[in-house]
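**Student:** Quick one, fold the following:
(one chain, ligands or ions: 2)
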Amino acid sequence: MAEGRQTSLLSRGAPLADPSAQLARLAAVPLAEEFAAALARAGHFPLRPAPIEIFQINTGKLCNMTCRHCHVDAGPDRTAENMDRATMEGVLAALDRCPTAHTVDLTGGAPELNPHFRWLVEQCVTRGKHVMDRCNLTVLLLPRSADLPMFFAERGVELVCSLPHWRKPNTDAQRGDGTYDKSIEALRLLNRHGYGQGDPRRMLTLMHNPAGAFLPGKQAALEKEWKSGLERTHGVSFDRLIALNNMPISRFLEWLTESGNLDAYLGKLQGQFNASAVAGLMCRNTLSIGWDGRLYDCDFNQMLAIDADVERPHIRDFDPLALAARAIRVDRHCFGCTAGAGSSCGGATA
Ligand code: SF4
Ligand code: SF4
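**Tutor:** Ligands and ions are numbered 1, 2, ... in the order given. Coordinates of the predicted model:
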């Protein structure tokens, strides 16, 4: 990974902070086929949604870390973009009108840094929803988080924690020196609170993504390796591993460009298009909600400012029928979701 880039694109005034510049960068890559054509070949164009099962709420771009591969361009400087209470109330009102949505998936940034985070979790749990928190682990060591492991455990919140690799060098290369040790400390803390030991109310999932311009290995084999590696070296346990492809957007797109890997990586994603991954694409059963209440097909489209294709793509105008009738908006970055074993918020899809 490139050195000296541990700040957000926005804070550096980098051209790729602008989503349209990202789309233009991807559009300039010579490719044998467009994503829409690949979908059509597989009999899936236009791509249509299934019933909404998951509300994925992006509570904001604020994060205590500035990882080099971040698709959100999150960081400590992103204080302006944080979901407020009124928007959360709008999300909850929409959730109440959507009986098929059984799960609320909280993401960011670091969702735990949103001042209304605990309130939002409480509201979703009270409604009987399964709540998942996408946690970067290190945030749990901040003084303000001291009560969080118990808070999660008491409410049955599933923790989906990013740890690029079970070995230290691979993790610190992506997330910064010292991150690995802090992550292990946080995992021990979660184990002490009953997480990662097979209890369905204290599920601990780890998320792996490759350190460079290549696809992850087979998820099941990686899980086996990680479980034995973490147990052997640190006495730490977890329940399942999900392996994600790195999406060619935001800070990872910048690294791909600067390292000269962009054309080859996008070509690889396109060349490894897997039609059997399409049915499990997260955009099909997930509604993505931005910090300001705007609606998207997925968190990646959200970062590229590609609104859901309905007349008023905002949570205050939530219209389940219009959303069900829409076509999902796709572009070249979507090859990241269908390459190899596929990649969604739940890991491999094929
Ligand atoms: S922890 Fe997650 S949201 Fe925060 S900078 Fe890293 S990848 Fe981005
Ligand atoms: S990037 Fe989003 S819209 Fe495109 S295939 Fe992936 S989940 Fe679907």
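**Student:** what helix or strand is residue 33 on?
**Tutor:** Residue 33 belongs to no helix or strand when assigned by DSSP states H and E.
**Student:** Now it, what are its backbone angles?
**Tutor:** Main-chain torsions, residue 33, degrees, to the nearest 10: phi -150, psi 150.
**Student:** now the one 3 residues further on
**Tutor:** In this entry, residue 36 is assigned phi and psi values of phi -60, psi -40 (degrees, to the nearest 10).
**Student:** Please report how far it lies from ligand 2.
**Tutor:** Separation of residue 36 from ligand 2 (C-beta to the nearest ligand atom, to the nearest Å) stands at 11 Å. Glycine gets a C-beta too; all of them are placed from N, C-alpha and C.
**Student:** same question, residue 126
**Tutor:** For residue 126, the distance to ligand 2 - C-beta to the nearest ligand atom - is 29 Å.
**Student:** how deep is that residue tucked in, by neighbour count?
**Tutor:** Neighbour count for residue 126, taken as other C-beta atoms under 10 Å: 10.
**Student:** ok, now the one 5 residues further on?
**Tutor:** As a burial measure, the neighbour count of residue 131 was computed by other C-beta under 10 Å and equals 21.
**Student:** A helix includes it, no?
**Tutor:** No. Under the criterion used here (DSSP: H, G, I helix; E, B strand; the rest coil), residue 131 is strand, not part of a helix.
**Student:** ok, it - contacts?
**Tutor:** Applying C-beta atoms under 8 Å, 6 or more residues apart in numbering, one finds that residue 131 lies in contact with 103, 104, 106, 121, 124, 125, 155, 156, 157, 158.
**Student:** And the helices in the stretch 201-350 of the chain?
**Tutor:** All helices of the stretch 201-350 of the chain, identified by DSSP state H, counting those that start in this stretch, fall at 219-234, 250-258, 262-271, 282-285, 299-303, 320-325, 335-338.
**Student:** In three-state terms, how would the residue in the stretch 1-150 of the chain positioned nearest to ligand 2 be classified?
**Tutor:** Closest residue of the stretch 1-150 of the chain to ligand 2, C-beta to the nearest ligand atom: residue 47 (7.0 Å). Three-state assignment for residue 47 (three-state DSSP): coil.
**Student:** Extract the residue ranges of the protein that are flagged as low pLDDT.
**Tutor:** 1-5, 344, 349-350 (pLDDT under 70).
**Student:** For it, what lies in contact range of ligand 2?
**Tutor:** When proximity is defined by C-beta under 6 Å from any ligand atom, the chain lies next to ligand 2 at 281, 282, 283, 297, 298, 300, 301, 328, 330, 333, 334, 337.
**Student:** Return the residues of the stretch 51-200 of the chain in contact with ligand 1.
**Tutor:** Contacts of the stretch 51-200 of the chain with ligand 1, taken as C-beta under 6 Å from any ligand atom, map to 63, 65-67, 70, 72, 74-75, 108-110, 136, 162.
**Student:** which among the residues you listed gets closest to residue 130?
**Tutor:** For these, the residue nearest residue 130 by C-beta to C-beta is residue 108; the value is 18.7 Å.
**Student:** Around that closest one, count how many other residues there are.
**Tutor:** When neighbours are defined as other C-beta under 10 Å, residue 108 has 29 of them.
**Student:** my guess is it meets residue 133, correct?
**Tutor:** No. Using C-beta atoms under 8 Å, residue 108 makes no contact with residue 133, being 9.6 Å away.
**Student:** what's the nearest residue to residue 142 once chain neighbours are set aside sitting at in phi/psi?
**Tutor:** Setting aside the residues directly before and after it, residue 142 is nearest to residue 64 in space (C-beta to C-beta, 6 or more residues apart in numbering), at 6.5 Å. Phi and psi for residue 64, reported as degrees, to the nearest 10, are phi -80, psi -10.
**Student:** Tell me how many other residues surround residue 64.
**Tutor:** Residue 64: 17 surrounding residues under other C-beta under 10 Å.
**Student:** doesn't residue 112 make contact with it?
**Tutor:** No. If you go by C-beta under 8 Å, residue 64 and residue 112 don't touch, sitting 9.0 Å apart.
**Student:** which residue of the chain sits farthest from its center?
**Tutor:** What lies farthest from the middle of the chain is residue 232; by C-alpha atoms, centre = their mean that is 28.4 Å.
**Student:** Distance of the residue nearest to residue 142 relative to residue 213?
**Tutor:** To residue 213, residue 64 is 27 Å away according to C-beta to C-beta, to the nearest Å.
**Student:** Likewise for residue 160?
**Tutor:** 24 Å.
**Student:** re the thing from before, ChimeraX command for the buried members of the contacts of residue 131?
**Tutor:** To isolate the buried members of the contacts of residue 131 in ChimeraX, using 16 or more other C-beta atoms under 10 Å:
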select :103,104,106,121,124,125,157,158
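**Student:** which residues in the stretch 1-150 of the chain form strands?
**Tutor:** Assigned strands in the stretch 1-150 of the chain, in chain order: 54-58, 103-107, 130-135 (criterion: DSSP state E, counting those that start in this stretch).
**Student:** Which of these has the highest mean neighbour count?
**Tutor:** Most buried of the strands of the stretch 1-150 of the chain, by mean neighbour count (mean count of other C-beta atoms under 10 Å): strand 54-58, with a mean of 24.
**Student:** So which residues make contact with that strand?
**Tutor:** Outside strand 54-58, the residues that touch it by C-beta under 8 Å, 6+ apart are 72, 83, 88, 91, 94-95, 98, 101-109, 111, 120, 282, 285-291, 298-299, 302, 345.
**Student:** and if we set it to 6 Å?
**Tutor:** 91, 95, 101, 103-107, 286-291 (C-beta atoms under 6 Å, 6 or more residues apart in numbering).
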